[in-house]
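> sharing a model prediction with you, sequence too.
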Amino acid sequence: MSSDPGAPPGVPAPGLRGVGLVPALRGVALAAAVGASLLALALAGFLLLRGLAAGPVPRAVAAVPGGLGPTGTLVLLLAVLLAAMGVLSALRRAEARLGEARRARYREWARQRLEAERAAAPRVDPALEGRVEAILLVDLIQSTELITEHGDEVFRDVLRRVERTFIPVAKACGSRSVTGHGDGLLFCFERAEEALEAVRGMYARLEEINRDLPPGAEAGFRASLHVGETVADARGSRAGLAVVKAVRLGSVMELHYGRGGGRNSLVASAEAWPALAAVGATATPLGAMELRGLPGRHEVYEVRI
């Protein structure tokens, strides 16, 4: 079997031996069936129009070895047609079996590859599994307009500036992890007040991000904060229902204020707000809101930065 350059060592890619034989045989059988059908139809038409005893015998029929005659030739052609159809049917069944065998080999190859990748992946400290963390999503607003009005180059420049500026601030405030999330960044902290400090530090450096950008390309952000239990994968990225809720909170300001609304804002869930209030933060309650995909209604707070 051939090897896959993207597969881990010792995990060969599934081979393709024998794949071309069945289509080749099928083509031969199909050609024989079509040829026999056409000849049989032509001869049957001749017999129908002229009768068995009337008119000269066609040269194609007279040339048949053994002198089968028109009727014998027709029977022979029909036999060839039936045989070709039988071969085609057998080839279809064989091709189906080969296809299933290839799929089975591929599934086994994919399973082995996944196991090899998991074995090679860095392990995560078990203490990171199922911990309660403060999840902060900082999302670039109106990114579609930024791309369509100023082009991909300006958009990529903005994203690079955001990463260079926001990630060091988050790490200085105690961020445990950072993950790219669409047009934003997802951070996890031990405490909600660390996330609040990070947002304030990030927004304090917006002038640095927007310096010398084309007019109208200035970046704005919406941040959302939730506290809940997370699940860490092999690379330390976070997942789970709490992460989903933090992401869904990111759309609250646009729903509340309209497209582009809530520029450079922070919203917090009811689970995150008590810790922020305990360190003197103030907020405007936005009320109980629906969050897409999550049951019930959820209290949301617009935190003053």
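Here it is on my side, so go on. Numbering: from 1, shown residues only.
> distance across stretch 220-240, terminal residue to terminal residue?
End-to-end distance for stretch 220-240: 27 Å, by C-alpha to C-alpha, to the nearest Å.
> next one: stretch 260-269
In stretch 260-269, first residue to last residue: 21 Å (C-alpha to C-alpha).
> scan this protein for its longest helix.
Longest helix in the chain by number of residues, with DSSP state H as the criterion: helix 69-120.
> show me what it is packed against.
Applying 3 or more C-beta pairs under 8 Å, 6 or more residues apart in numbering; DSSP states H and E, we find helix 69-120 packed against helix 21-50, helix 59-62. No exception for glycine: its C-beta is placed from N, CA and C like everyone else's.
> how far is that helix from where the chain is centred?
The chain centre lies 31 Å from the centre of helix 69-120; the measure is C-alpha atoms, centre = their mean, to the nearest Å.
> name the SS class of the nearest residue to Ser175 once chain neighbours are set aside, please.
Excluding the flanking residues, the one nearest Ser175 by C-beta to C-beta, 6 or more residues apart in numbering is Phe187, at 4.6 Å. Using DSSP: H, G, I helix; E, B strand; the rest coil, the secondary structure recorded for Phe187 is strand.
> residues contacting Phe187?
135-138, 170, 175, 177-178, 195, 198 (C-beta atoms under 8 Å, 6 or more residues apart in numbering).
> tell me the one of those nearest Ala101?
Using C-beta to C-beta, the shortest approach to Ala101 within the contacts of Phe187 belongs to Ser177, at 43.2 Å.
> partner residues bridging that closest one?
Under DSSP bridges, the beta-bridge partners of Ser177 are Cys188.
> what confidence value was assigned to it?
Note on Ser177: pLDDT of 88.
> need the contacts of Phe187 in CSV with secondary structure and distance to His256, can you?
Formatted as CSV, those follow (DSSP: H, G, I helix; E, B strand; the rest coil; distance: C-beta to C-beta, whole Å):
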residue, secondary structure, distance to His256
Ile135, strand, 20
Leu136, strand, 19
Leu137, strand, 16
Val138, strand, 18
Ala170, helix, 25
Ser175, coil, 27
Ser177, strand, 29
Val178, strand, 27
Ala195, helix, 21
Ala198, helix, 23
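> restricted to buried residues, select the residues you listed in ChimeraX.
Buried members of these, defined by 16 or more other C-beta atoms under 10 Å, are picked up in ChimeraX with:
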select :135,136,137,138,170,175,177,178,195,198
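> what's the closest of the contacts of Phe187 to Asn264?
Distance ranking of the contacts of Phe187 against Asn264, using C-beta to C-beta, places Val138 first at 10.1 Å.
> tell me how far the closest one lies from Phe189.
12 Å (C-beta to C-beta, to the nearest Å).
> same deal with Val199?
Taking C-beta to C-beta, one finds Val199 at 11 Å from Phe189.
> who has more neighbours, these two?
Val199 (26 against 23; other C-beta atoms under 10 Å).
> who touches the helix or strand hosting that one?
Following DSSP states H and E, one finds Val199 within helix 192-203. Residues outside helix 192-203 that contact it (C-beta under 8 Å, 6+ apart): 134-136, 138, 165-166, 169-170, 172-175, 187, 189, 221, 223, 225, 227, 264, 266, 268, 272, 275-276, 278-279, 281, 303, 305.
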